[in-house]
Each structure stands twice: as structure tokens, then as C-alpha cells.
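Colleague: Quick one, what's the 3D model for this:
(one chain, ligands or ions: 1)
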Amino acid sequence: MENSTTERLQDAIATYRNSVDYLEIRVEQSESTSLAFRGKQLDAVNRSFALAGGIRACHQGGWSFVTFNGLEELKPRIEEAIAQAKLVGKETTQLAAIATIEDYVKVELKRDPRGVSLQDKRQILEAYNQLILEYDPRIQTTMSSLGDVFTTNYFVNSVGSCIVQERLDVTGRFGAIARGEGGIVRQGFESIHSRDDFNSLIGVEDRVLGAAKRAVNQLEANSVKGGQYTVILDPYLSGVFIHEAFGHLSEADFVYENPRMQELLTIGKPLGIEQLNVIDDATLENLPGSIKYDDEGVPGQRKYLIKNGVLTQRLHSRETAGKMQEQPTGNARALRANYPPIVRMTNTAIEPGNTPFEDMISDIEEGVYAVRMLGGQTNGEMFTFAAAEGYMIRNGKIAEPVSDVTLTGNVFQTLKDIEAIGNDTLFTNGGCGKGGQMPLPVSVGGPHLRIKNVVVGGR
Ligand SMILES: [Zn+2]
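Modeller: Alright, predicted model coming up:
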């Protein structure tokens, strides 16, 4: 199948390559299963095979994007894409130059989820779901799911590249909802992800139970007293912070359209303490955001967005790199082949520093330890995050649990207010949303972070 697919796509490109400035075809074949429990009820079981395709053409700076569902429609769809691009193109096409690449990227599978029956998957999920339900009488309901998707992605373009990439995502998500006195409701979540092994979902009882424990523990917490505190973020939350509050601002499509951001995000500008290093690294192994090539055929890379406290780089597609006269970074990603690639992150993280947790906390008289993430939003430079769990820090020690810990601030001020960077690190899988393409697999990572003067809102 793969050989005939690439041949058909290459034939089509050869026929039309000279009709426009740029042409690319992407085709994705996928095979997936998903199962979900809500409380005791099996909520959904799905197994599907799908083919999705997308064609992008660019002519005189004008873009078109046309989708298709079967290779038999390929030629009329390409002609449609070419006609549309010519209709809107009125300027010059500016795309950063890239090398021609031919490659076949295989997944080295450990246990293949396609060889596991739906019945076995159901039993595994049901057992975990039951563990959460039985953990405590205050657990009211659950949201538990297992999913696996194996995709084969074909990419050909008028530059002459022909890339086939396989990809596996195995995911387990576990949510516990607990109800306490006075109708108070708390949630706890856990998420497990693997790029090569169904067995990553086996024997994870402790992690699954963690979701239930966190939900129940938070029932005991009283609302935090609002105010400014020295705050320690756990690695999960520091990863979310750097992705949401800073990473999205590093996406060059956003910077390019926004004069204020161009000024705030001038390359070479100091943004934080010298120990602060922020990476977006597609080359880390087996994380959700790890890619060999992006959806424009540009190799995935390790980039320093901030190096020694100074802004060094931003994230590009070929178009944003061409327009801003910078190098492409391999960050053009599409949710699926029937969506156009846009500038996205991969695995985004703060690199570990050298401060042990005990040293970070020891001289804090009164502060807040914020753990994991419940939700949040950003608006330009401003962010608000709700921590999933909180604890007061008193006289250098973790004290009583507190609830309703929301952190608000301006990202540039907050980067300057980082006082210490932990010597630990942890990557968490996430789903990023942008331009109606969600959830795109990414990961966020970081060490513990100590930040001064954080506005913490209680209830
Ligand atoms: Zn995001």
C-alpha cells in the first residue's frame, strides 16, 4: 500500500509542480480504538480506520488548502487548490528554503495495541476505573479512557521531498470527581502516554489511584487567603506555565502579526535570570511532541527559545521564517492531514537548574506551593492558572493544604521574578489548542520553580 501511495502522490506532484510557486500533498491513514467509562457505565467503544488528505498550494503569496477523502479525487482536488491559490495570490511567495528529503520513518514497536482485543482493553480499563470508584465513598464519579492511534503519514511537495512517517500514540486518562460536605466538588486527574508500547498502560495502579487521592485530599483543603506570595511551582505547573504563558508568544505567526510583541520579543533581549534556559525540542525520544519531520517536511530540531536568560529564537513555519528572514525550525504542525500546518510547539520545557527543593523552600516564611494544573487561560502577556492542588509553605516547610489556588500575572514580569530553578525535571503530556486544531500532542516540562510576588487569588 505505502509504495503505491507514494508513487501516486509523486506522479501527481510531477504533473502540477510547475503550475504554482509551491505545492504539497499530505495523506494520513489511521487505525484507532478508544474506550471510555463514566462512573460505572461504559460510555463509548470505538474502532475506526480513516484516510484523510490535504493539499496546500501557494502562488504569489496566496495560499489555498483543499481536503480530500480518497486518492481517486486527487487530481480534481489539486486543480481546485491551484485555481484558488492563483485567485488570492497578489504578492510574492516568501518561503524559507529547505532541503529535499526522502525518508521512511518507522515506529519501533514494543507491544502493538492493534494486537490487543477490544475485550482485553475493556477489562484493563474497567479494573482501573473500579479502583478509583472504590477508593473512597466520597468519590462520586469517574472519567476513565484508553485510546490508541496508529497513523502513517505521507508527505510530498514540489521541492522534491517524499517523506513517510509512522506514529503511535497510546493514551490512558483517569479522572476522579469527589464530593464532600456542603456539596463541595473536587477533581483529580492522571494521564499516561506512550509512543511505542501498549504495556505502558499495564501495572500503573498507583498512578491511577493518584487521581482519586488528589480529589479526596482536596476536599479537606480550605480556600487560600488571597494576596501576594512567594510561590513554588511543581514541575508539572512550571511546564504548563512555560508552554501557555511564554511558548505561544514565541510562535512567529503571532509575533509577525503583532507590533507590540515584536518589540517585547526582540531577539537578544534579556527576559530572566541568567540560569533560565527554555527549549522547544522535537528530538527528545518518545514524547508526545517528538517528531522527525514537521508537516512541511522540515526536520524537527532542538531550539533554545531563551538561553542564559536572553531571548534567542522563535518558532517558525517556512512562511514565517521566510517573511522574518530567520531559519525554519520544524514547527509547522497539523492536527491531521485534513488540517493545514500552522506554527506549533513540540516538547517545550525549562531546563533544570541547580537548586535542590529543600534549599528553595527553606527560607520562605509564608508562601504557597502550587501543584499540577486544573485549568487556565492567557490573553497576550497576561495569564491565569488554577492549580489542581495547593499547600501553604510556613517557616520553610510544607504546611496545610489549600484550595482555589489561582495564579495571575504578566509573563514578562513573572519570568523576571523567577528566583530559583530546581535541579529536578519532569515531562508531562498535553494537548495543545490553536486555530481550531485541538488536541495536538505536545509535552511540557520543567523543574520546580520559585517565583516571588505572585498574585494568588483565593475564593
Ligand atoms: Zn498550547
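Colleague: Surely residue 339 is in a strand?
Modeller: No: read with DSSP: H, G, I helix; E, B strand; the rest coil, residue 339 is coil and lies in no strand.
Colleague: Where does residue 336 fall, secondary structure wise?
Modeller: Under the criterion DSSP states H and E, no helix or strand holds residue 336.
Colleague: And stretch 330-337, how far out from the chain middle?
Modeller: 12 Å (C-alpha atoms, centre = their mean, to the nearest Å).
Colleague: Quick one: residues in contact with it.
Modeller: The contact list for stretch 330-337 (C-beta atoms under 8 Å, 6 or more residues apart in numbering) reads 26-28, 30, 52-54, 153, 251, 280, 282, 291, 293-296, 298-301, 315-318, 340-346, 437-438, 440. All C-beta spots, glycine's among them, are computed from the backbone N, C-alpha and C.
Colleague: which residues in the stretch 101-250 of the chain form strands?
Modeller: For the stretch 101-250 of the chain, applying DSSP state E, counting those that start in this stretch gives strands covering 102-105, 139-157, 162-179, 185-194, 222-223, 227-233.
Colleague: What's the PyMOL line that selects buried ones from the contacts of stretch 330-337?
Modeller: Paste this into PyMOL to select the buried members of the contacts of stretch 330-337, with burial taken from 16 or more other C-beta atoms under 10 Å:
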select buried, resi 26+27+28+30+52+53+54+153+251+280+282+291+293+294+295+296+298+299+300+301+315+316+317+318+340+341+342+343+344+345+346+437+440
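Colleague: Quick check: strands, which of the contacts of stretch 330-337 are part of them?
Modeller: If you go by DSSP state E, these have 26-28, 30, 52-54, 153, 280, 342-343, 437-438, 440 in strands.
Colleague: Now the two most distant members of the residues you listed.
Modeller: 53 and 280 (28.0 Å; C-beta to C-beta).
Colleague: before we move on, the earlier item: tell me which of the strands of the stretch 101-250 of the chain sits nearest to residue 274.
Modeller: Nearest to residue 274, of the strands of the stretch 101-250 of the chain and by C-beta to C-beta, is strand 227-233 at 19.5 Å.
Colleague: can you tell me which helix in this structure is longest?
Modeller: helix 118-135 (DSSP state H).
Colleague: For that one, give me every contacting residue.
Modeller: So helix 118-135 is contacted by 33, 35, 37, 39-40, 42, 45, 47, 113, 139, 142, 144-146, 172, 174, 176, 201-202, 204-205, 208-209, 211-213, 216 (C-beta under 8 Å, 6+ apart).
Colleague: do stretch 82-97 as well
Modeller: Contacts for stretch 82-97 (C-beta under 8 Å, 6+ apart): 16, 19-23, 57-64, 66, 316, 318-319, 321-323, 326-328.
Colleague: Break this structure down into its domains, please.
Modeller: Following automatic domain parsing, one finds the domains of the chain at 2-220, 223-457.
Colleague: Out of these, which is the most enclosed?
Modeller: Greatest average neighbour count among the domains of the chain goes to domain 223-457 (a mean of 20), per mean count of other C-beta atoms under 10 Å.
Colleague: starting at the chain centroid, how far to that domain?
Modeller: 11 Å.
Colleague: measure it end to end?
Modeller: Using C-alpha to C-alpha, to the nearest Å, the span of domain 223-457 from its first residue to its last is 9 Å.
Colleague: From residue 167, how far off is the nearest residue to residue 297 once chain neighbours are set aside?
Modeller: Of all residues not flanking residue 297 in the chain, residue 161 sits nearest, at 4.2 Å (C-beta to C-beta, 6 or more residues apart in numbering). Applying C-beta to C-beta, to the nearest Å, the value for residue 161 to residue 167 is 18 Å.
Colleague: before we move on, what about residue 50?
Modeller: For residue 50 relative to residue 167 (C-beta to C-beta), the value is 14 Å.
Colleague: for residue 357, same thing?
Modeller: Shown here: residue 357 relative to residue 167, a distance of 35 Å by C-beta to C-beta.
Colleague: just to revisit the earlier point, now the domains of the chain in TSV, with mean pLDDT?
Modeller: Output for the domains of the chain, formatted as TSV (pLDDT from 0 to 100):
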stretch	mean pLDDT
domain 2-220	97
domain 223-457	96
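Colleague: Need the CA coordinates for stretch 410-428. CSV is fine.
Modeller: What follows is stretch 410-428, C-alpha atoms only, in CSV (Å, rounded to 0.1, in the frame of the first residue of the first chain):
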residue,chain,number,x,y,z
ASN,A,410,2.2,39.2,33.4
VAL,A,411,4.5,36.6,31.8
PHE,A,412,7.4,39.0,31.2
GLN,A,413,7.3,40.2,34.9
THR,A,414,6.9,36.7,36.1
LEU,A,415,10.0,35.5,34.1
LYS,A,416,12.0,38.3,35.8
ASP,A,417,10.6,37.2,39.2
ILE,A,418,11.9,33.7,39.0
GLU,A,419,14.3,33.4,41.9
ALA,A,420,15.4,29.8,41.8
ILE,A,421,15.3,26.9,39.3
GLY,A,422,15.2,23.4,40.7
ASN,A,423,17.6,20.6,39.9
ASP,A,424,14.9,18.2,39.0
THR,A,425,12.8,17.8,35.9
LEU,A,426,9.6,16.1,34.6
PHE,A,427,7.8,16.0,31.3
THR,A,428,4.0,15.8,31.2
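Colleague: Now do the same contact list for the closest residue to residue 125 other than its chain neighbours.
Modeller: Computed as C-beta to C-beta, 6+ apart, the closest residue to residue 125 that is not its neighbour in sequence is residue 146, at 4.8 Å. Contacts for residue 146 (C-beta under 8 Å, 6+ apart) come out as 33, 34, 35, 121, 124, 125, 171, 172, 201.
Colleague: so which helix or strand takes in the first one?
Modeller: Here residue 33 sits within strand 22-38, counting by DSSP H and E.
Colleague: Okay, angle between that strand and helix 118-135 too, please.
Modeller: On the basis of axes from the mean of the first three to the mean of the last three C-alpha atoms, to 10 degrees, strand 22-38 is oriented at 50 degrees to helix 118-135.
Colleague: Which secondary structure state does residue 412 sit in?
Modeller: Residue 412 - assigned by three-state DSSP - is helix.
Colleague: residues touching the residue nearest to it when sequence neighbours are not counted, list them.
Modeller: What sits nearest to residue 412 in space, not counting adjacent residues and going by C-beta to C-beta, 6+ apart, is residue 381, at 6.0 Å. Residues counted as contacts of residue 381 (C-beta under 8 Å, 6+ apart) are 249, 264, 410, 411, 412.
Colleague: please redo it, this time with the cut-off set to 10 Å
Modeller: Residue 381 sits next to 245, 246, 249, 260, 261, 264, 409, 410, 411, 412, 413, 414 when contact means C-beta atoms under 10 Å, 6 or more residues apart in numbering.
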